[in-house]
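Engineer: From the sequence below, what's the structure:
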Amino acid sequence: MSLRRKLKGKKPPEGWELIEEVIEDFEQQLKEAVNEEHEGKRKTELTWKIHRLHWEKNRFIYDLMYQRKVMSKELFEWLVREKVADGALIAKWRKPGYEILCSMLAIQKGNHNFGTTSHCRVPLRARAKQQRITPDVQTGCISCASGDGK
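Structural biologist: All right, here's what the predicted structure looks like:
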């Protein structure tokens with residue numbers, strides 16, 4: 001379902017018109033990523049681009065709200081309520097140690113062996129040689145550990 005159709009009939013708060021075009025561009029890129037050719041790719045690699053675009057869209061909203069402080073709280077809450085923004089991921093970015101978290105999947109302990117988090121959360125220098133630059137199977141992230149720089 002398109003973003004315009006999803007939000008049809010709902011009055012957006014002030015400031016939406018300033019970011020609407022960028023958000024629609026992200027939504028269009030997500031649509032293209034879903035429909036992208038999957039020949040020659042592993043099953044898990046198909047979602048990597050989707051995870052990356054989801055991260056970029058939410059990072060854009062996070063930067064407007066908390067870094068540059070140009071977005072109103074009302075607009076931010078509306079974006080979260082209408083599921084345009086991922087409120088849980090953005091809330092995690094505000095906590096120490098999670099500033100560049102790639103996805104909520106990376107910290108869900110039930111999705112990983114031995115009840116731990118994804119190996120992309122482990123700093124590169126603390127990894128074994130064979131895991132040094134391998135991407136996470138679910139998200140495609142190589143490193144979102146805060147110790148590896150912003």
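
Engineer: Could you report the pLDDT at the spatially most central residue of the chain?
Structural biologist: Residue closest to the mean C-alpha point of the chain, counted by CA atoms, centre = their mean, is residue 55 at 2.1 Å. Looking at residue 55, its pLDDT reads 96.

Engineer: Likewise for residue 128?
Structural biologist: With respect to pLDDT, residue 128 scores 85.

Engineer: Counting neighbours, what do you get for it?
Structural biologist: Residues lying near residue 128 (other CB atoms under 10 Å) number 8. Yep, even glycine has a C-beta here, placed from its N, CA and C like the rest.

Engineer: Next: the one 5 residues further on.
Structural biologist: Burial of residue 133 is recorded as 9 neighbouring residues (other CB under 10 Å).

Engineer: likewise residue 131?
Structural biologist: Residue 131, neighbours per other CB under 10 Å, totals 12.

Engineer: I'd like the distance between it and residue 122.
Structural biologist: Distance of residue 131 to residue 122, computed by CB to CB, to the nearest Å: 8 Å.

Engineer: measure the closest residue in space to the residue nearest to the centre of the chain that isn't next to it in sequence to residue 93 for me?
Structural biologist: Ranked by CB to CB, 6 or more residues apart in numbering and with sequence neighbours excluded, the top spatial neighbour of residue 55 is residue 102, at 5.9 Å. Taking CB to CB as the measure, residue 102 falls 11 Å from residue 93.

Engineer: that older thread, name the element the residue nearest to residue 55 belongs to?
Structural biologist: Remark: residue 102 resides in no helix or strand, with elements defined by DSSP states H and E.

Engineer: got the phi/psi numbers for it?
Structural biologist: Backbone torsions for residue 102, taken as degrees, to the nearest 10, come to phi -80, psi -40.

Engineer: hmm, back to that, contacts only, for the residue nearest to the centre of the chain.
Structural biologist: When contacts are counted by CB atoms under 8 Å, 6 or more residues apart in numbering, residue 55 touches 89, 102-103.
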